[in-house]
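> how would this look folded up:
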Amino acid sequence: MKKIEMIVERTNTGYSAFAKDYPVGTTGDSLPELTSNILEAMNFYFDEMEGKGKVVTDKDLKITLDLRQFFEFYKVINATALSERIGMNQSLLAQYINGIKKPSQVQTRRILQGVQKIGRELAEINFLL
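So this is what the prediction gives:
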């Protein structure tokens, strides 16, 4: 079975997702809840709407986080500074963020790892009291 691509966006209340090729969408307060809700919605769609009774598992999903939405929601992350930290051309990262170009899987992983590394560093910070 072809993977079902779900586009995920960060919202003020959690996350939302919609299927690229199916009329299915859902929300969740966290990513695990969102994934569970996606599976429930997709299985309902295939069972009730198409009558196929096909069972969708997490292995059937391709979860895609929209870079533009991510950077719009997390404005605190400076794209120029991130590009320097991960060794990516700032102009190229800007094109990815603005939807002009689509990053490869390798580039997407590189961006994600850079963001996650910054998150870990921030989580380890302690201020003097």
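> Look up the closest residue to Thr80, ignoring the ones flanking it.
Counting by Cβ to Cβ, 6 or more residues apart in numbering, Gln90 is the residue found nearest to Thr80 once chain neighbours are left out, at 5.2 Å. Heads up, the C-betas are built off the backbone N, CA and C, glycines and all.
> Let me see the contact set for the one you found.
Residues near Gln90 by Cβ atoms under 8 Å, 6 or more residues apart in numbering: Ala79, Thr80, Ser83, Glu84.
> Any quick PyMOL command for the buried ones out of the residues you listed?
Per 16 or more other Cβ atoms under 10 Å, the buried members of the contacts of Gln90 correspond to this PyMOL selection:
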select buried, resi 79+83
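> Buried ones in stretch 42-58, by neighbour count?
Neighbour-count burial for stretch 42-58 [16+ other Cβ under 10 Å]: Met42, Asn43, Tyr45, Phe46, Val56.
> swap in stretch 8-26?
Buried residues in stretch 8-26, counted by 16+ other Cβ under 10 Å: Val8, Glu9, Arg10, Tyr15, Ser16, Ala17, Phe18, Ala19, Tyr22, Val24, Thr26.
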